[in-house]
Structures are given as C-alpha cells and as structure tokens.
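Q: sequence first, predicted coordinates after that:
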Amino acid sequence: MKWTTANIKHANYTAQHELYVGTHTGSFKHLLPGSEKSPHGQANLSDLGALDKESRVTSLAFGNEAQTEILLGRAKNDVELHSFAQGGGSKKTVSFTAAPIVGLARYNDKLIAGIGNGQIQSLELEAEEKAEPVVISTGNQMDHLRQCAQVRSIVATGGKERQNNLKVYDLSADGKQIFSSKNLPNDYLQLEVPVWDSDIGFVDGPSVLATCSRTGYVRLYDTRKQRRPVACFASEEHGMSFATLVARGNFIYTGTTMGALKAFDTRRMKTHVHTYKGFTGGISDLHLDVTGRYLSSASLDRYVRIHDTESTVLLYQCYVKSKATKILIRQLESEPQVAAQPEDEAEPEVVNNVKQNKSIKATPVDNEYEDMFEQMPTVGDSDNESEEEEKAATKQSKAKLKRKNPSQSLKTKKTKL
C-alpha cells in the first residue's frame, strides 16, 4: 500500500467537533474538524522548546463533566491541568513522586493519578503547603486507570499478570477496594489462562466494566453478579493484541496493535459486529463523543481519524506529523441561533423596513430583451396556428417590398398583360 499524508473530510460530516491530541514527542495539539475554512489546521498548546525524551503523552482525560478542563499526563511525574473556560485558558502543573502517569482522574479538589508501578496517588490541588500524596497500592504494575463518568468517585485499574488484574476502588470511602476480578478456569491442560488488562472501560455506569488484553481477549464484568466475566471474546487469530478500548451502551470498541478497529455487541460476544478501516499502524487510543455516534482514534501511523459508529464510514482523517498516543473529542459550543419568526409576524416587519427607507436591490429591466421573448412562438402550439402565422408573415414581407420598389411592381403587371 502506498504511503500517503492525504487529509480527508467526508462531505456528510457536518458535526461541530474539536480534537485534543497528545503525541509521542510530547506535543499537545488542538484540531477543529468542524471548521469550514481550515478543518485540518493544527495549533500547539504546549511549549515545544521544553520537551525532552520523557515528555511523551501517556494519559489524557477530561477533568469535569462540562469538559472544560483537560488532564494531561506524561512519561515523567508531571501532570498538566489545562482549563479552557470562556474568555481564555490557563495551565497548571502538578508533580507526583513516581512515573510514568498511566491514568488521571479528578474528584472534588483532588487530582488522582495512576502510576506505572501500581500505585494510585492523590494530591490536594488547593493545599496551601506542598504535601506528600496519599498512596493506594494496587499491585506491582499498572497499565491503565479509568474514572467512571457517571459516578466520579469510582475508579478502575488493570495491568499485567494475575495479581494486577481488574480492580475497582471507591475514592469517597478513602480508596476502599470494592471489587476484584477473578480469572477464568484453567484450560484443558490445566494451565492458568494469561491475564493482561491493557485497558478498561465503564459501560454506562459503575457496575458493568469491559476490559481488553494484549493476549487477545475482550471481557465483560458485572460487579453485582460475580467476580468472573459474564461474557468473553477470545481471539483465535495469532498475534491479535488489543491495546485500547472504549464502551458505550451495548457496544465495545477495541483497537489492536496491528491497526484493526472492531466493535463488539455485549449481548453476543462470540464475534465482532463491525470493522472500521483506514489504518496502517497500531491504534493507541479511542474516544467517543457525547452522542456516541462519532468514534475518534489516535494511531501510530501519525493520523487521527473520526468514524461513524453505525455506518463505519471514515468521516475525517488528519496527518499530525508525530505518532499520536492519546485523543479526546469534544463538542464545540454552539452559537446562539436566531429564532424563526411565524409568517404572520414576518409581513409587518417587511413593511416597517420599507418605511425606514431600507434599500432593496433590484435588477434593471431590459425592454428590448423582454420584447424579443414576447414575439417568440410558444412551445407546444398546433401546426395550423404556426402555418397561419407563417402566411401572415409572408404577406407582410411582400407588402414591404412593394412599397420599397414600385417600378418593379409595374413591370410585373406588364408582363402579365
């Protein structure tokens, strides 16, 4: 396949969205796919001069329900809080005691960070004096931390091996663990099934969760029923490795390290129901908009894309010049629209405008041009009418000739005699 840096925007993509993209080099970019003038324009929101090898963006999340605050974590122990309130933006940096940051959350006035060493660290943002973070140990390795959007005090973690499997914590109860998953039974050789929860997603609430694995499985858990998964998909393809996941409603969207994006239905997990095309590199992150119809993705082939979740059509593609690691999609604030007036009220408004001497532009009338169209025969006239018109025209032409040349008419009379 020929490598290209072509940017794409589908004609039917009219939604007003904006994208926030974190890259492997550490840059933090802002894109406006909904813009008519520059849908592929990119603005850098970070200082490129201060970036180094450890500036890779490893976590990106919204800090509040209004989506006006973005939490950005890097491979080092620094976390950036970007606020995009009306009238301007602000940036704040908070430092933790370990790195890398693999997940971020905001609960009340506390900033929660998931660390790669298996710790959940919590810091007071409004504290007057610099204090040590509160630490919760989840194991010895963590791949991702995810916050529940419906109940923001609930967070879930997951990692590699059985001791770092899916766990759920309640931050309102001093970080108490409220759920821990249990692995599937041993296989037919009585060997333990390998566990590697590379990403986690809450399915419309704190009780149902979905996980994907680098070992090729997608599992669905219900914390109210049992510790083992209630539904599971296990890939038979060699090398199938799921890297990221996002869930909403009855569907789970997963991206693989080989550039495959698939959708699963939680009601029948035997096989995938949709496949989204257009990728040439591994998918590093997925995010849905508030409606659940538009699926944004970041890929290591240096592209960000937006697909329609129902029709699987590629609506938008943009080349961002660096390996995209994290992505967020947000609805642009709509401008206030003028309410349509009823027909009864529209008429007096026009009269008032005329009274106020508001000029109305009109095209000038060409009389000669109008006369020419009036003399032209109408399409669809009968043959008899056209013959009569032709006879009348010949008579008029003969009369004009007689007036112009009277001598010629006398000669014709003599010849007749």
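A: Nice, thanks for sending it over.
Q: hey, let's count contacts and neighbours off CA atoms from now on
A: OK.
Q: quick one, what contacts the residue nearest the centre of the chain?
A: Centroid-nearest residue in the chain, with C-alpha atoms, centre = their mean: S296, separated by 4.4 Å. The contact partners of S296, taken as C-alpha atoms under 8 Å, 6 or more residues apart in numbering, are 286-289, 304-307, 327-329.
Q: now, which of those residues lie within strands?
A: Of the positions in the contacts of S296, 286-288, 304-307, 327-329 sit in strands, assigned by DSSP state E.
Q: need the residues you listed in CSV (columns: pLDDT and distance to P229).
A: As requested, the ones in strands among the contacts of S296 are arranged in CSV below (pLDDT from 0 to 100; distance: C-alpha to C-alpha, whole Å):
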residue, pLDDT, distance to P229
L286, 97, 23
H287, 97, 24
L288, 96, 24
V304, 97, 32
R305, 97, 31
I306, 97, 30
H307, 97, 29
I327, 97, 28
L328, 97, 28
I329, 96, 30
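Q: can you report how many residues lie near the closest residue to S95 other than its chain neighbours?
A: In space, and not counting its chain neighbours, S95 is closest to D78: 4.5 Å by C-alpha to C-alpha, 6 or more residues apart in numbering. D78 has 18 neighbours, counted by other C-alpha atoms under 10 Å.
Q: how about the contacts made by D78?
A: If you count contacts by C-alpha under 8 Å, 6+ apart, D78 has them with 93-96.
Q: buried subset of the residues you listed, written for PyMOL?
A: Applied in PyMOL, the following selects the buried portion of the contacts of D78 according to 16 or more other C-alpha atoms under 10 Å:
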select buried, resi 96
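Q: so which of the contacts of D78 sit within strands?
A: 93-95.
Q: and which of the contacts of D78 is nearest to M258?
A: Checking these against M258 with C-alpha to C-alpha, the nearest one is F96 at 33.2 Å.
Q: returning to what we had before: quick one, which of the contacts of S296 are buried?
A: By 16+ other C-alpha under 10 Å, the contacts of S296 give 286-288, 304-307, 327-329 as buried.
Q: want to throw these into TSV with distance to P185?
A: Below are the buried ones among the contacts of S296 laid out as TSV (distance: C-alpha to C-alpha, whole Å):
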residue	distance to P185
L286	31
H287	32
L288	33
V304	39
R305	39
I306	38
H307	37
I327	36
L328	37
I329	39
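Q: mind listing what's buried in stretch 224-235?
A: Here stretch 224-235 shows 227-229, 231-233 as buried, counting by 16+ other C-alpha under 10 Å.
Q: just how off-centre is it within its chain?
A: Mean-position distance between stretch 224-235 and its chain equals 29 Å (C-alpha atoms, centre = their mean, to the nearest Å).
Q: swap in stretch 176-184?
A: Worked out by C-alpha atoms, centre = their mean, stretch 176-184 lies 33 Å from the chain centre.
Q: over to stretch 214-232?
A: 28 Å.
Q: just stretch 144-161 next, same as before
A: With C-alpha atoms, centre = their mean, you get 23 Å for stretch 144-161.
Q: try stretch 233-242
A: 27 Å.
Q: list the contacts of stretch 99-114.
A: 58-64, 71-77, 79, 115-117, 120-126, 142-147, 152-153, 157, 171.
Q: show me which of those residues are buried.
A: Buried, going by 16+ other C-alpha under 10 Å: 58-64, 71-77, 79, 115-117, 120-124, 142-147, 152-153, 157, 171, out of the contacts of stretch 99-114.
Q: and these, which of them are in helices?
A: For these, not one is inside helices, with DSSP state H as the criterion.
Q: quick check, nearest of the ones in strands among the contacts of S296 to V273?
A: H307 (15.0 Å).
Q: excluding covalently adjacent residues, which one is nearest to that closest one?
A: In space, H307 is closest to L314, 4.6 Å off (C-alpha to C-alpha, 6+ apart).
Q: what about the one you found, neighbour count?
A: By other C-alpha under 10 Å, 19 other residues sit near L314.
Q: from K9, how far off is it?
A: Per C-alpha to C-alpha, to the nearest Å, L314 is found 8 Å from K9.
Q: one more: L81?
A: 31 Å.
Q: now the nearest residue to T254 once chain neighbours are set aside, what's its secondary structure?
A: In space, and not counting its chain neighbours, T254 is closest to L245: 4.5 Å by C-alpha to C-alpha, 6+ apart. Here L245 is strand, with the state taken from DSSP: H, G, I helix; E, B strand; the rest coil.
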